[in-house]
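Enquirer: Next come a sequence and a model predicted from it.
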Amino acid sequence: MATSSTTSPTQERELLAAARAGDESAYQRLVDPYRGELHAHCYRMLGSVHDAEDAVQETLLRAWRGLSGFEGRSSLRSWLYRIATNASLTMIDKRPKRVLPIDYGPAADPHGGPGEPLIESVWIEPYADDHFGLEDGLAGPEARYEQRESVELAFVAALQNLPANQRAVLILREVLGFSAKEAAEALDTTTASVNSALQRARAAVEDRLPEQSQQATAKALGDDGLQEVVDGYVEAWQRGDVEAVVGMLTEDAAFSMPPLRTWFGGRDEIATFLAGWPLSGQWRWRPIQVRANGQPALAFYSWDPDEEAYMPFALNVLTIRGDKVSDVTAFIIRTPESADREIIARMPEQPTDPAQLEVAFQAFGLPEKLEEE
């Protein structure tokens, strides 16, 4: 299994010895190079940035307490991944499964507008892969999925539908490049069980994934081609041109807005929704282009007359197929003050949810507001 640590083996041994002697500063320097990749691992397991942060903190606490028992038979990295995997499995037992609206229920009638939000935490959260230091390429020579491919929304959603042990095996083997023996040791099971779980997990995930990953789509389009698709979508949206926006979509496109449970499928249905709500002319928008989950994304700000500025509203993650947008997942950061559908329909005027603001805007280093041009 490859390592991405910038600490030399000699330095790592010295830091390990000091940490075992009780030096907390040495321990922090020992584990810091692994924080980003451990966070990505826990995010794949849990589908939530907040849950991943909790799992990483639990991992580092368990590792500190168990440092005297680390005998060095495996690499420090493998040992930390073992702890992180089991910390995530413990959390999976206690928390609801994370999904996207399209996996939660059927498409809604767009004439009814946005539906009620789900208050409980069941939605997959967006991932600022650049912020957390996720690298390009494979994590190791035995890995099957690229690191950014393994945080794409479709991949993370597919993982969440696996039983917990199959999820862990697939990530350890196919994303991180663990051997069957290493995965078995991490999960305290047999190589035969790992191989069996991997076979079932592969079949289930491949059945749910699109034919082409977003990383492969981006490579096929090239940087300029991908940018042209995103720019065309942005320009059409800023003009409030519903027909042009819909023209950028695939025939079977989907538009979802967690934490709202409703989603709309197909060009005609999406056109009805856009014309009746976000592009009705009631609100003014300003987007900033970013990347989330290894995909192009747009951080949308809505005009707030009280603030006299554009304020954060939603992070729209775009899924591209060919040269069109096949899915828009708009992670809304506003919380309606009641379940009244008329209030929900005026979502840009509702208060900001601090937790979602942190995940969908602050984690991406986005500004607090945008001034009028």
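Expert: Received, thanks.

Enquirer: show me where pLDDT drops low in the stretch 1-150 of the chain?
Expert: Along the stretch 1-150 of the chain, segments meeting pLDDT under 70 span 1-6, 119.

Enquirer: Buried residues of the helix or strand where residue 223 lies, list them for me.
Expert: Using DSSP states H and E, residue 223 sits within helix 214-238. Neighbour-count burial for helix 214-238, counted by 16 or more other Cβ atoms under 10 Å, picks out 214-215, 217-218, 221, 226, 229-230, 232-234, 236-237. From N, CA and C alone the C-beta is placed, and that goes for glycine too.

Enquirer: helix or strand right after it?
Expert: On the C-terminal side of helix 214-238, the nearest following helix or strand under DSSP H and E is helix 242-247.

Enquirer: If you count neighbours, what's buried in that following helix?
Expert: For helix 242-247, burial by neighbour count (16+ other Cβ under 10 Å) applies to 242, 245-246.

Enquirer: mind checking how far it is from the chain centre?
Expert: 27 Å (Cα atoms, centre = their mean, to the nearest Å).

Enquirer: Next: stretch 125-143.
Expert: Distance of stretch 125-143 from its chain centroid, counting by Cα atoms, centre = their mean, is 11 Å.

Enquirer: Tell me which other helices or strands the helix or strand hosting residue 102 touches.
Expert: Per DSSP H and E, residue 102 falls inside helix 101-104. When contacts are defined as 3 or more Cβ pairs under 8 Å, 6 or more residues apart in numbering; DSSP states H and E, helix 101-104 packs onto strand 249-256, strand 263-265.

Enquirer: okay, stretch 126-141 in CSV with CA atoms only?
Expert: The C-alpha trace of stretch 126-141 is given here as CSV (Å, rounded to 0.1, in the frame of the first residue of the first chain):
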residue,chain,number,x,y,z
PRO,A,126,-20.7,17.8,-0.4
TYR,A,127,-16.9,17.3,-0.1
ALA,A,128,-14.2,19.9,-0.6
ASP,A,129,-11.6,17.5,-1.9
ASP,A,130,-9.0,20.3,-2.6
HIS,A,131,-9.5,21.7,0.9
PHE,A,132,-8.8,18.3,2.5
GLY,A,133,-5.8,17.7,0.3
LEU,A,134,-7.1,14.8,-1.7
GLU,A,135,-4.6,13.9,-4.4
ASP,A,136,-5.1,12.9,-8.0
GLY,A,137,-4.5,9.3,-9.3
LEU,A,138,-4.6,6.0,-7.4
ALA,A,139,-3.8,5.6,-3.7
GLY,A,140,-1.7,2.5,-4.5
PRO,A,141,-0.9,0.1,-7.4
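
Enquirer: Quick check: buried residues in that stretch?
Expert: 126-129, 131-132, 134, 138-139.

Enquirer: The lengthiest strand in the chain to helix 214-238, inter-axis angle?
Expert: Counting residues, the longest strand found in the chain (DSSP state E) is strand 309-321. Here strand 309-321 runs at an angle of 140 degrees relative to helix 214-238 (axes from the mean of the first three to the mean of the last three Cα atoms, to 10 degrees).

Enquirer: Can you list the helices and strands that strand 309-321 packs against?
Expert: helix 153-160, helix 214-238, strand 285-292, strand 295-304, strand 324-332, helix 354-360.

Enquirer: ok now the longest one, how far from the chain's centre?
Expert: Right, the one you point to is helix 214-238. For helix 214-238, the distance to the chain centre is 20 Å (Cα atoms, centre = their mean).

Enquirer: Show me what that helix is in contact with.
Expert: 146, 148-149, 152, 154, 212, 244-245, 247-248, 279, 285-287, 289, 294-296, 298, 318-325 (Cβ atoms under 8 Å, 6 or more residues apart in numbering).

Enquirer: Try it again at 7 Å.
Expert: 146, 148-149, 152, 244-245, 248, 285, 287, 289, 294-296, 298, 318-321, 323, 325 (Cβ atoms under 7 Å, 6 or more residues apart in numbering).
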